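Student: below are the sequence and a predicted model for it; my questions follow.
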Amino acid sequence: MDEVRVLVVEGDLRSRRALVRLVDAMTGYRVVAESAEPCEAARLARQHAPAVALVDLDTPGGLSGLSLTRELTALGISVVAMSSVAHSRHPSALAGASAFHDKGGAAATLPEALAKVASEHARGDRPAS
Amino acid sequence: MASLESRPEAGSTSRELVALLERVGAEVVASALTAHPEGIAVLDGDRRLLWVNDGGASILGAAPSALIGAPATMLVATGVDSSGRDAMPELELVESPFGAPDDRWTLVTFRDVTVAHRRQRQLRAFTRAAARITVGETLDEVLDHLAEEVQATTEAVACGVVLVDPETGAIQAGAAGDLPPHYAERLEESRALGAPLLSLKAFETGEAQIGRHWMRSIATDPRFAPILGEGDHDWDTIVVAPITARGRQLGVLTASYAPGVDPDEEDVAFLTAIGDQAAVAIENTRLVAKIGESASLEERHRLARDLHDSISQAMFSLTLHTRAVQLAHDQEPPDRESVAQGIAELRELTQGVHAEMRALIFQLRPGALHDEGLVAAVTKQAAAVAARSGLEIEVTGPDERLPLSEAVEQELFRLVQEALNNVAKHAGARQVRISFGTTDAGDLSIRVADDGVGFDARAAYPGHLGLTSMAERAERAGGRLVVDSRPGGPTVVEVLLPGALPPQR
């Protein structure tokens, strides 16, 4: 099976490093690009064509995490939205995210969430591009 | 490779093996088997050892000649002796019978997995202990759980955790296993009698201590009577690891081992790592409790934001790294390099969390800023921001405490804090220099310079940079704010306070 290509967008340096390490530790997954900032992330997404993106909604910058989510899903990239603010769940779903991950309580189950979205993506159940 | 295919005897059936053996000679094969690092043995029909190689003999801890004729139970009984510990190495073995139906022999290959298993148990304990940190529990619960984890996953028969509150001096303890009730009080009693306690030594030196056959040496010492209490004990050797948060001793963790169990360097290193994790759990619990009881509403909002930016992100990262370590470890074979690297990163993160917690605790302590002075407070804050952002931050200032009023110190501290947060969040900088300048005339200046992307300082201040609030703080402190920046950087934010200090002659 081909590796699942993953884009990581996270503003906090330590969290970004940890996300990259975790995804790379998962068999069959590879981080193809990472960014601290949504504008750059959108450019990297076009360049590297990831299947799935982990997007931190709390990231500062010109483009918000939610707009980035809309932009990525429009490119056919499945998005796992992450936030420590629980009520970001609904807006992230509206923006097209395939899953929402609570950074506070559910951090340890992120690999399972990512795997679920990746397999849906592989089955063709992905955002309309 | 192509030449192999052309050899008629190459292949995987036993007939082909016989052909191969005949070609290279039985002696060559025999010496290869003898020198093989894993254990290889042949059992006869009565399941007695007929032959064992050097590797196998060294795993079983005897000379090959001494093992011949021994029953196979010697391999199979990875038994537990009366003292409750593994008396034999844990072996992983594969048996394959061969020979005629009425005279079955057995080929056994085996390897020592004692160390591998112990490492596995320790890693599980480590990841579980790390995961505990994210759970909001009371301090007593944290201590009890830590003691339980250590006892459940190491060979220790009992574990005690003792903490000394740095402010009140109060002792708090958690215990699991064969430790008497009121463990902390008993320790205190023995200490009062002048007992040379290893826990005290570990606490004072910050170094892990091993007391080999400790029970044997203290059993008849009346000074230890309060700890030992009445009745028999099933432990002998103890290891005491300090619980240290950035050079500050919080307490100790004591693991007791059954007679005959000899904890090694790796056990000590493991307990020390658990001690690090314990320190985070403890400081976090204290911090949360403190915010609840002592902060005003406005303070709480600000601290909640700070907590999100620093501790919550760090906890999120710790949890992810822990999962990554687990995944690397569960791979077949385990990716040892990634495990080691992951644990190293966990330790580094843990240290950073301590820096941030200290800065937050510092802000919570009433009068702390005035007690320690502005330069010390800014230095602490800088260490915290450096830990979370990866920025290199250098603080230079006078050694002596600046004689400023508490209100002015507060405004200036918040101003520098906001400036630093701006750099961390928006500047994309690598380095920050914070310098305090004084003149003999009593002028004070504080400069925050970064090598980031900068912005157009002549344009209206972008709202989110909070420059307006910083300028107001400067004014309230009796000074003014000067911002020098341009797109492409660098940026210098400086607050000038003429005559803020008594003039020097």
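Tutor: Right, received. Where do you want to start?
Student: buried stuff in stretch B:469-484?
Tutor: Judged by neighbour count using 16 or more other CB atoms under 10 Å in any protein chain shown, the buried positions of stretch B:469-484 are B:470-471, B:473-474, B:477-479, B:481, B:483. Where you see a C-beta, it was placed from the backbone N, CA and C, and this is true even at glycine.
Student: could you check how many residues crowd around the residue nearest to residue B:410 when sequence neighbours are not counted?
Tutor: Once flanking residues are discounted, residue B:410 sits nearest to residue B:369: 6.5 Å by CB to CB, 6 or more residues apart in numbering or on different chains. For residue B:369, the tally of surrounding residues (other CB atoms under 10 Å in any protein chain shown) stands at 22.
Student: host element of residue B:369?
Tutor: Using DSSP states H and E, residue B:369 sits in helix B:368-372.
Student: who are the packing partners of that helix?
Tutor: Packed against helix B:368-372 by the contact rule (3 or more CB pairs under 8 Å, 6 or more residues apart in numbering or on different chains; DSSP states H and E) you find helix B:336-364, helix B:406-422.
Student: residues of stretch B:333-346 that come out buried?
Tutor: Applying a neighbour-count criterion of 16+ other CB under 10 Å, one finds B:335, B:338-339, B:341-343, B:345-346 buried in stretch B:333-346.
Student: restrict those to contacts with chain A.
Tutor: Among the buried residues of stretch B:333-346, the residues within reach of chain A (CB under 8 Å from any CB of the partner chain) are B:335, B:338, B:342, B:345.
Student: does the residue lying closest to the second one once chain neighbours are set aside count as helix, strand or coil?
Tutor: Nearest non-adjacent residue to residue B:338, counting by CB to CB, 6+ apart: residue B:328, 3.7 Å away. Taken by DSSP: H, G, I helix; E, B strand; the rest coil, the conformation at residue B:328 corresponds to helix.
Student: just the pLDDT at residue B:395, thanks.
Tutor: The confidence metric pLDDT takes the value 94 at residue B:395.
Student: SS state for it?
Tutor: Here residue B:395 is strand, with the state taken from three-state DSSP.
Student: and residue B:297, what pLDDT?
Tutor: pLDDT, residue B:297: 66.
Student: do the same with residue B:130
Tutor: 63.
Student: cool, and the one 3 residues further on?
Tutor: The predicted structure scores residue B:133 at 51 on the pLDDT scale.
Student: what does the one 5 residues further on give?
Tutor: Note for residue B:138: predicted pLDDT of 73.
Student: for it, what are its contacts?
Tutor: Each residue near residue B:138 by CB atoms under 8 Å, 6 or more residues apart in numbering or on different chains is listed here: residue B:285.
Student: for residue B:392, same thing?
Tutor: Shown in contact with residue B:392 (CB under 8 Å, 6+ apart): B:386, B:430-432.
Student: do that again at 6 Å, thanks
Tutor: Applying CB atoms under 6 Å, 6 or more residues apart in numbering or on different chains, we find residue B:392 in contact with residue B:431.
Student: quick revisit: dump the ones next to chain A among the buried residues of stretch B:333-346 into a markdown table; add pLDDT as well.
Tutor: Converted to a markdown table, these look like this (pLDDT from 0 to 100):
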| residue | pLDDT |
| --- | --- |
| B:335 | 79 |
| B:338 | 82 |
| B:342 | 83 |
| B:345 | 83 |
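Student: just how off-centre is stretch B:147-156 within its chain?
Tutor: Mean C-alpha position of stretch B:147-156 versus that of the full chain (CA atoms, centre = their mean, to the nearest Å) differs by 16 Å.
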